[in-house]
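Engineer: give me the fold of what follows.
(chains A and B)
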Amino acid sequence: MPAHAPSDPTIAPQLEVAGELLALLRDATTEPRQDTQLEALTLAVAADLPVLLWGEPGIGKTAALTQLATALDLPLTTVIASVHEPSDFSGLPVLGDDPAQQGVPMAPPDWAVRLVRTGRGLLFLDELSTAPPAVQAALLRLVLERRIGTLQLPPGVRIVAAANPRASAADGWELSPPLANRFVHLQWTHDHEVVVRGLGGTWPRATLPRLDRERLPGAVDVARRAVCGLLTARPTLVHRLPTGESRRGGPWPSPRSWETTLRLIAFATAAGSSRDVLSLLVRGTVGDGPGLELLAALDRMDLPDPEVLLADPASATLPERGDLRQAVLDGVVAAVRRQPEKSRWDAAWALLARALETGAPDLVVVPATTLAALRRPDWDVPASIERLAGAVTLTRRADRAAAPTGPHTAAGATAATAGARR
Amino acid sequence: MTPTTPVGPGTPSIPGASARPGTPTAPIELDREKLFAARLHAARVRPYLATALFALHTVESRQVPTMAVDRHWRCYVSPAFVARTPITELAGVWVHEVSHLLRDHHGRSDRVARERGLTGRGERLRMNIAADCEINDDVFGEGLAEPAGAVRPGALGLPEGQLLEEYLRQFGLGPGTLGMAWLDCGSGADGLEREWELGAQGAHGLSEQERDAVRFRVAQGITGRPGSAPKGWRRWAEEAFQPPQPWRELLGAAVRSATSGAGAGEDYTYGRPARRSAALPGAVLPSLRRRPPRVSVVIDTSGSVSDAELGSALREVAAISRAVGGRRDLISVVPCDAAAGTVQPLCRAEGITLVGGGGTNLRAGFATALRTGPRPDVIVVLTDGQTRWPGTRPPCRTVVGLFPRLRTRGSWDENDPDYVPDAPPAWARVVEIGSTSATR
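Structural biologist: A predicted model of the protein is given here:
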């Protein structure tokens, strides 16, 4: 077939039609949707911490960064690390007239100069893991020290790096523990539902967290209390180098990463973010184990104070979740044990009765047994204890179930509760 | 979950109780006291599961045949089932259901479904059966009665003590599983949402972070007092938040990072002009120069390592070295038992001779590998660790692929029966080979 002559009138319209088709394909709407990982990323970037996104190639990291840049109102600069040389990040040596006198200046690349001139922007370093080691070394200096050659990036510039998990990275790059410790590691995964809906023409539009100025002092207080409280109780968590192959290159606890965590808690609190967002951030900074312990400590800080409950048992609100409720009741009994007084003992019984009326009865049994054992000879049994009769029959049934199997019986519990009723 | 069994002669007959799901029943009051007495009993005999048991939110439901859980930690309870089940059995069901959630059966089912392309209700039923098999072999006894009809691996002709993923490969739906056809532990067991579930938007569900927090507390309780929990639970607790990775990936990562690390085979050089020099006349730029890494594989051929283990590990190392740009002729193999054998290049090692047996002395292996010229960039050692290690760090990167040995083999040193082999030295990166477990 002969080639079309340039003057062929059918060519230009064809391209126009193609353009129309492309425009139709690009035409997509958005819908608001809660996006935990994007929210976590936004907070970490707002907190000016180096973030490392771990994710398989092609799952929308760049799209997320575009959204983030819009939300923070920053121009986005994307640099694909794997196509650069180390000198692109550490500066190109340029010979002058007299190097011995004037030295050899390290010239920064043009995008860095533009960034510095603008004073603000979001710098996205993609494909960190496929770059050669020397390039990675130069990049890490850029991420951690914010220097490109002789240029210092202004504070208005935020940096996010992305890497492929080592299983899918072509040359299995991984971070050494000291470097890993400086990053907030966020695992970037795709949500099947979001992708299918997006390809159908509706992409999610995340509503991103806003920092609330009025909450700032309180947020710092919460963050300090949480981290200091945990580390006081668990000194071994302060510094724990990762052991074992499967933990390499991931987050681990050290004074530096705890400081990062403190900052992240303050930001999440000031933004009113959910626990899920905070969980991603904290576990990405100090690792799963210490992170979950910190979150548990935060949960405990949220529980009602036993002394407040004892002061006014009638209007007490107990947590709905069974395990938390039992933790509160145990705390109340422990408070009575610390400071045994008749009035406090009575108040605790009133609280247990209230717990029995508003939730599962089996939760009350253990605290009731312990409380009964705290009785002094001259204390009369309060009237509210009659309302605990349900718990006693329940205990009896459980005891009877346990009876034939022998060693696991807890007949003492019934005896103690019954003793309190006498 | 236990399928409802027809009301037998031994069970007190409850008016209106129906053994069939979906059949309209005369409303039976949910005996909350009995239900919670059972939970209390379960928490007493399995104290390490108490947190998880109490975290469950109970929902009365007439559409579940017995008891079921959803992935948001709600527990659906049939009043009729509570009425006809003895407390110790009920306690067993409580523990069974909470085990599904703790062991993340829904998440793992989803993952398996994705990886192996298993779709449809039949596959989800198989997942439920496999999940039940994983739980039921060590959940009952010691105060918990096994409910009638609980699925045991033995009923399918399978061995006990395996994981959901392993069971799934070993059976299909057929006459043997007919009795389980309407087994239903809810989406908490197999990941498939049911129409009677309250879903993510419903009240009193646990968020993902809360679920992790509960699982973490249980795992901590078990590892903190390991004496009281059975082996299956201890294994779960150790791995719950430290997902084991397949050794191929880990060994691959270790060898790759050793061979592609700075200094091994790749570096910048000013010895020849950079490709950009023409564009930047005033600048002096280094150019990238790549030399394929030399890898020396020291293989422990003592009697304690099986040929199959060696074969798979050697193939793996060869594949990895090729992937990072190594050439076959740059990989050499040093068989090593009490003395090191001769160095053999891999290119003519299709039928490599791995002669050996008896004890191991890896010091000799290291020495031989380092003596060869040109010196290797990386030494990969494949051994079971029953050996003496070199006292000093060799002048190249070292990766150790360790075949796990559950117990130390009998004293191989007759003069010193109490001899305990050294652990691999700190300068080597150690990857345990052969742990195929895939809990997460």
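Engineer: and residue 334, how many neighbours?
Structural biologist: The chain I'm using is chain A. The number of residues packed around residue A:334, counting by other CB atoms under 10 Å in any protein chain shown, is 12. Just so you know, the C-beta spots here come from the backbone N, C-alpha and C atoms, and that holds for glycine as well.
Engineer: looking at chain B here, not the other one
Structural biologist: Neighbouring residues of residue B:334 were enumerated by other CB under 10 Å; the total is 27.
Engineer: report the beta-bridge partners for it.
Structural biologist: Following DSSP bridges, residue B:334 is listed with bridge partners residue B:298.
Engineer: any idea of the pLDDT on it?
Structural biologist: On the pLDDT scale, residue B:334 is placed at 80.
Engineer: same deal with residue A:282?
Structural biologist: Looking at residue A:282, its pLDDT stands at 93.
Engineer: in what helix or strand does the nearest residue to it once chain neighbours are set aside lie?
Structural biologist: Spatially, and ignoring its direct neighbours in sequence, residue A:282 is nearest to residue A:291 (4.3 Å; CB to CB, 6 or more residues apart in numbering or on different chains). Element membership of residue A:291 [criterion: DSSP states H and E] is helix A:288-302.
Engineer: measure residue A:207 to residue B:239 for me?
Structural biologist: As defined by CB to CB, to the nearest Å, residue A:207 lies at a distance of 37 Å from residue B:239.
Engineer: what do you get for residue B:130?
Structural biologist: Using CB to CB, one obtains 18 Å as the distance from residue B:130 to residue B:239.
Engineer: got it, and residue A:220?
Structural biologist: In terms of CB to CB, residue A:220 sits 37 Å off from residue B:239.
Engineer: stretch A:307-315: end-to-end distance?
Structural biologist: Chord length of stretch A:307-315, first to last residue, is 13 Å (CA to CA, to the nearest Å).
Engineer: show me the contact partners of that stretch.
Structural biologist: Judged by CB atoms under 8 Å, 6 or more residues apart in numbering or on different chains, the contacts made with stretch A:307-315 from elsewhere in the structure are A:316, A:328, A:332, A:335-336, A:344, A:347-348, A:350-351, A:354.
Engineer: mind listing the strands for chain B?
Structural biologist: Secondary structure of chain B by DSSP state E: the strands cover B:57-60, B:67-69, B:74-77, B:266-269, B:287-290, B:295-300, B:331-336, B:344-345, B:378-383, B:397-402, B:429-432.
Engineer: redo the ones you listed as CSV? Include distance to residue B:252.
Structural biologist: Rendered in CSV, the data for the strands of chain B read as follows (distance: least, CB to CB, whole Å):
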stretch, distance to residue B:252
strand B:57-60, 44
strand B:67-69, 38
strand B:74-77, 41
strand B:266-269, 18
strand B:287-290, 20
strand B:295-300, 13
strand B:331-336, 15
strand B:344-345, 22
strand B:378-383, 11
strand B:397-402, 10
strand B:429-432, 9
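Engineer: so for residue A:207 and residue B:239, which residue has more residues nearby?
Structural biologist: Between residue A:207 and residue B:239, counting by other CB under 10 Å, residue B:239 is the more crowded of the two (16 against 13).
Engineer: which regions of the stretch 101-250 of chain B sit below the pLDDT cut-off?
Structural biologist: Along the stretch 101-250 of chain B, the parts satisfying pLDDT under 70 run over B:176, B:178-179, B:181-182, B:226-227, B:242-247.
Engineer: ok, residue A:178 - contacts?
Structural biologist: Taking CB under 8 Å, 6+ apart as the contact definition, residue A:178 lies against nothing.
Engineer: host element of it?
Structural biologist: Residue A:178 belongs to helix A:177-180 when assigned by DSSP H and E.
Engineer: give me the contacts around whichever helix or strand comes after that helix.
Structural biologist: Later in the chain than helix A:177-180, the nearest helix or strand by DSSP H and E is strand A:184-187. Outside strand A:184-187, the residues that touch it by CB under 8 Å, 6+ apart are A:37, A:40-41, A:44, A:49-55, A:250-251, A:260, A:264, A:280-281, A:284-285.
Engineer: parallel or antiparallel, which strands does strand A:184-187 pair with?
Structural biologist: When pairs are called by DSSP bridges, strand A:184-187 turns out to pair with strand A:51-54 (parallel).
Engineer: contact partners of the strand it pairs with?
Structural biologist: For strand A:51-54, the external contacting residues (CB under 8 Å, 6+ apart) are A:41, A:44-45, A:61, A:128, A:159-165, A:175, A:183-188.
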